[in-house]
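Visitor: after the sequence you'll find the predicted model.
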Amino acid sequence: MDPEITSARQAANDARVQAFGRLQGAANRLEYLLGRALERECGITHLVYEVLLIVGRAGEGGLTMRSIAQEQVLTTGGATRLVDRMEALGLVTRTADPRDRRVQLVRLTALGEETTVRASRVHVENIERFFFRPLPQEHRERFAEDLRTLSHFARDALPRLR
């Protein structure tokens, strides 16, 4: 408990509370803007796009459902339902892991690869427009690095899925 906060007014005006609120507000607005662009121009949600990137990063070896769940902070059931929808769209396939037949490996299909590339072109254009252009050129690299630090710290503080 921070002893300097003694009223709702003080809490609302606390620079730390305001800074986090601005971060959260910016993230929510950017998610909306960039997510709608992906849906409109590529027919996929931002969450589907993120999973396409995660699976694409894994390459030919594929990725387990547990890994997808951990990367996206989903339950394994939520990840399974999402991958079911992606499989129905023809974006990914699932095959048994040759080392452990109980484990399913998720891989991109040719359509998944093509969709990831097309969506990435749209996404990068919008990231430049809404995320980087408003910032002074000399701050952009440092800002991106600071966000990476915060993201990794928060990721490491989360409990691991079993």
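Guide: Alright, I've got the coordinates.
Visitor: and the longest helix seen in the chain, what other elements does it pack with?
Guide: Longest helix in the chain, counting residues (DSSP state H): helix 15-42. Counting contacts by 3 or more Cβ pairs under 8 Å, 6 or more residues apart in numbering; DSSP states H and E, helix 15-42 packs against helix 46-58, helix 110-127. Quick note: C-beta positions are derived from backbone N, CA and C, even for glycine.
Visitor: quick one: distance of stretch 153-162 to the chain centre.
Guide: 15 Å (Cα atoms, centre = their mean, to the nearest Å).
Visitor: contacts for it?
Guide: Outside stretch 153-162, the residues that touch it by Cβ atoms under 8 Å, 6 or more residues apart in numbering are 66, 69-70, 73, 75-76.
Visitor: what's around residue 37, how many residues?
Guide: 18 (other Cβ atoms under 10 Å).
Visitor: equivalent analysis for residue 117, please.
Guide: Residue 117: 11 surrounding residues under other Cβ under 10 Å.
Visitor: cool, residue 5 as well?
Guide: 15.
Visitor: quick one: contacts for it?
Guide: With Cβ under 8 Å, 6+ apart, residue 5 has these contacts: 11, 14.
Visitor: and it, how far from residue 80?
Guide: Computed as Cβ to Cβ, to the nearest Å, the residue 5 to residue 80 distance reads 43 Å.
Visitor: for the protein, which residues score under the pLDDT cut-off?
Guide: Applying pLDDT under 70 to the chain picks out residues 1-3, 73, 161-162.
Visitor: so which elements touch the longest strand belonging to the chain?
Guide: With secondary structure taken from DSSP state E, the chain has its longest strand at strand 100-108. On a contact count with 3+ Cβ pairs under 8 Å, 6+ apart, strand 100-108 meets helix 46-58, strand 63-64, helix 65-72, strand 92-97.
Visitor: can you put the ones you listed in JSON lines and add mean neighbour count and distance to residue 26?
Guide: Conversion of the helices and strands packed on strand 100-108 to JSON lines gives the following (neighbours: other Cβ atoms under 10 Å; distance: least, Cβ to Cβ, whole Å):
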{"stretch": "helix 46-58", "mean neighbour count": "19", "distance to residue 26": "15"}
{"stretch": "strand 63-64", "mean neighbour count": "20", "distance to residue 26": "30"}
{"stretch": "helix 65-72", "mean neighbour count": "18", "distance to residue 26": "20"}
{"stretch": "strand 92-97", "mean neighbour count": "15", "distance to residue 26": "31"}
